[in-house]
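Q: quick one: sequence plus predicted model below, questions after.
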Amino acid sequence: MRENRSPAGRTGGAIDPPLVVPTTHESTRAQYYCGQTVYVPELGDVVITEEHIMQAEMLKITVGQLLDIEPMSPLREEEIKQKYVRGQPLVETEEVKNLPTRMYELHGWYMKITKISNRESLMVQVEEDHYFNKKALSVEYSELFRLFNQDALDKSIVSCYCMMKMYETKKAGRYGIGFIDPNTVNEYTWKLEWCRQDVEKCMLEFLKRLNSNEDILLPYNFDFHWILLDIKVDEGKVEVLDSLLKKDSDYNIVKGIVDRAWAKYIKVTTGKWRQKLCWYRPKDLKQAPGTEVCAYYVCENIRMMASERSRSDRQDWFKEVRDQLLPTERIRALQEEIAGFLLDQVIDPKGEYYYPLPPHEPLVIVLRRHQGNM
């Protein structure tokens, strides 16, 4: 008799039933399990993995709703999204104790600071050698809420992630990767007429100052979505890493910004340069439809390039995971990384990015002053 084996390695006379998440949508009454192939508009046939099932369970929805092949109930979207309230826990109260170490510590700091201060944001010191412009970067406390809940991340958090990798690579003596500030070069700022010229001037300046690097990374935000551009100056190429299936025309604005800066760069910089940049889009990690974790995919690509693997290893890794979702554990690891950076390098007075502020003004004084003006 042929022996049956479960995925966990147990043996027995019967095959273990597949992992199933039943739907609550009455019109389909479908069931989803690992290994099942379903058709998803714009993606084609998708094989359901444990990662799909884990994300659906975390969001308290069905796999069909996660993949956008079943509609969400009108109230469901509001039910699964907790709203930010200043001074309240950043996650459900019962989940606080389950937070990993650095997120737990950052959560404790946030709860304390909102009790003793009227401030609404965390300030980050940006020096000249970080983004070639000394300034203060503001990370609003509401962005910490988004970070803790795997919601869409703002430019300030992604900018912090880049600075964290700058610090790591410099400390480890690893060179060859430069970063363009996503707070400076992004579609929202470029669309402001009085900022457009400054954005393109900054893009040129970044190319001139970072041209000794093999890879210049630009996390770029447009239409509430994040992509990562890897500009290879010596090769005259731009690699577009996008976790969604966007049309080439969706990149027209950023392509124009970079191409115009490149045209000026090759005129003012000595060397043999390709006259026109070659743009291409390799296979990349894909995010589940309906999720807002594109910034985490950008950060994961940055981590792969800056911290974890050599170029050849990275290409092999992409080949292995090109059709997979980013595992939940890796998203959690990114959250922990960012929390640790904010604690050690921004909040700690000895940190590289600590921004000195006046002593905290007790909230009770602020409230009394406000009441006195009423």
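A: Sure, I can see it. Numbering: from 1, shown residues only.
Q: how close does residue 180 sit to residue 353?
A: 18 Å (Cβ to Cβ, to the nearest Å). (Glycine included, C-beta is placed from N, CA and C.)
Q: which of the two has more neighbours?
A: Higher neighbour count among residue 180 and residue 353: residue 180, with 26 against 23, using other Cβ atoms under 10 Å.
Q: what about that one, distance to residue 133?
A: Separation of residue 180 from residue 133 (Cβ to Cβ): 12 Å.
Q: just residue 56 next, same as before
A: According to Cβ to Cβ, residue 56 stands 43 Å off from residue 133.
Q: those two - which one has more neighbours?
A: Neighbour totals were compared for residue 56 and residue 133, and residue 56 leads with 21 against 12 (other Cβ under 10 Å).
Q: just the pLDDT for the more buried one.
A: In this model, residue 56 is scored at 76, pLDDT.
Q: again, but for residue 226
A: For residue 226, pLDDT reads 95.
Q: that one reaches residue 297, doesn't it?
A: Yes - contact criterion Cβ atoms under 8 Å: residue 226 and residue 297 qualify, at 7.4 Å.
Q: Three-state assignment for the residue minimising distance to the centre of the chain, please.
A: Taking Cα atoms, centre = their mean as the criterion, residue 295 is the residue nearest the geometric centre of the chain, at 2.2 Å. Assigned with DSSP: H, G, I helix; E, B strand; the rest coil, residue 295 falls in the helix class.
Q: got the contact list for it?
A: Counting by Cβ atoms under 8 Å, 6 or more residues apart in numbering, residue 295 makes contact with 152, 153, 157, 158, 219, 226.
Q: a markdown table for the residues you listed, including distance to residue 95 and secondary structure?
A: A markdown table is the format used below for the contacts of residue 295 (distance: Cβ to Cβ, whole Å; DSSP: H, G, I helix; E, B strand; the rest coil):
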| residue | distance to residue 95 | secondary structure |
| --- | --- | --- |
| 152 | 20 | coil |
| 153 | 19 | coil |
| 157 | 20 | helix |
| 158 | 24 | helix |
| 219 | 28 | strand |
| 226 | 26 | strand |
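Q: just the buried members of those residues?
A: 152, 153, 157, 158, 219, 226 (16 or more other Cβ atoms under 10 Å).
Q: which residues of the chain fall in helices?
A: Along the chain, the stretches classed as helices by DSSP state H are 50-59, 63-66, 76-80, 101-116, 128-131, 141-148, 155-172, 187-190, 193-210, 252-268, 294-303, 311-321, 328-341, 363-372.
Q: out of these, which is closest to residue 244?
A: Nearest to residue 244 among these is helix 294-303; the distance by Cβ to Cβ comes to 6.7 Å.
Q: gap between that closest one and the chain center?
A: Put simply, helix 294-303 sits 5 Å off its chain's centre (Cα atoms, centre = their mean, to the nearest Å).
Q: CA atoms only: put that helix into CSV for me.
A: The C-alpha trace of helix 294-303 is given here as CSV (Å, rounded to 0.1, in the frame of the first residue of the first chain):
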residue,chain,number,x,y,z
CYS,A,294,3.6,48.4,-1.9
ALA,A,295,5.9,50.5,0.2
TYR,A,296,7.0,47.3,2.1
TYR,A,297,7.9,45.7,-1.3
VAL,A,298,10.0,48.7,-2.1
CYS,A,299,11.7,48.5,1.3
GLU,A,300,12.2,44.7,0.8
ASN,A,301,13.9,45.3,-2.5
ILE,A,302,16.1,48.0,-0.9
ARG,A,303,17.1,45.6,1.8
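Q: what angle sits between that helix and helix 155-172?
A: Helix 294-303 runs at 10 degrees relative to helix 155-172, counting by axes from the mean of the first three to the mean of the last three Cα atoms, to 10 degrees.
Q: okay, the angle between helix 294-303 and helix 328-341?
A: Using the same axes, to 10 degrees: helix 294-303 against helix 328-341 is 80 degrees.
Q: so for helix 294-303, what's the average pLDDT?
A: Throughout helix 294-303, pLDDT has a mean value of 93.
Q: okay, angle between that helix and helix 141-148 too, please.
A: With the same axes, to 10 degrees as the basis, helix 294-303 and helix 141-148 are set at 70 degrees to each other.
Q: and residue 267, how far is that from residue 200?
A: Using Cβ to Cβ, one obtains 14 Å as the distance from residue 267 to residue 200.
Q: in terms of neighbours, single out the busier of these two.
A: Taking neighbours as other Cβ under 10 Å, residue 267 and residue 200 compare with residue 200 leading, 18 against 8.
Q: residues in contact with residue 87?
A: 111, 114, 115.
Q: from residue 189, how far off is it?
A: Going from residue 87 to residue 189 by Cβ to Cβ gives 31 Å.
Q: ok, now residue 287?
A: 25 Å.
Q: residues in contact with residue 48?
A: Contacts of residue 48 by Cβ under 8 Å, 6+ apart are 32, 33, 34, 35, 36, 37, 38, 63.
Q: most surrounded residue in those?
A: Most neighbours among those, by other Cβ under 10 Å: residue 63, with 28 neighbours.
Q: how about that residue, nearest residue that isn't a chain neighbour?
A: What sits nearest to residue 63 in space, not counting adjacent residues and going by Cβ to Cβ, 6 or more residues apart in numbering, is residue 32, at 3.9 Å.
Q: the one you found pairs with what?
A: For residue 32, the beta-bridge partners are residue 21 (DSSP bridges).
Q: how much space separates it from residue 261?
A: Plainly put, residue 32 is 46 Å away from residue 261 if you go by Cβ to Cβ.
Q: quick one, what contacts residue 153?
A: Applying Cβ under 8 Å, 6+ apart, the residues contacting residue 153 are 143, 146, 147, 226, 295, 296.
Q: in this structure the first one contacts residue 152, no?
A: It stands for residue 143. No - between residue 143 and residue 152 there is no contact under Cβ under 8 Å: 9.9 Å.
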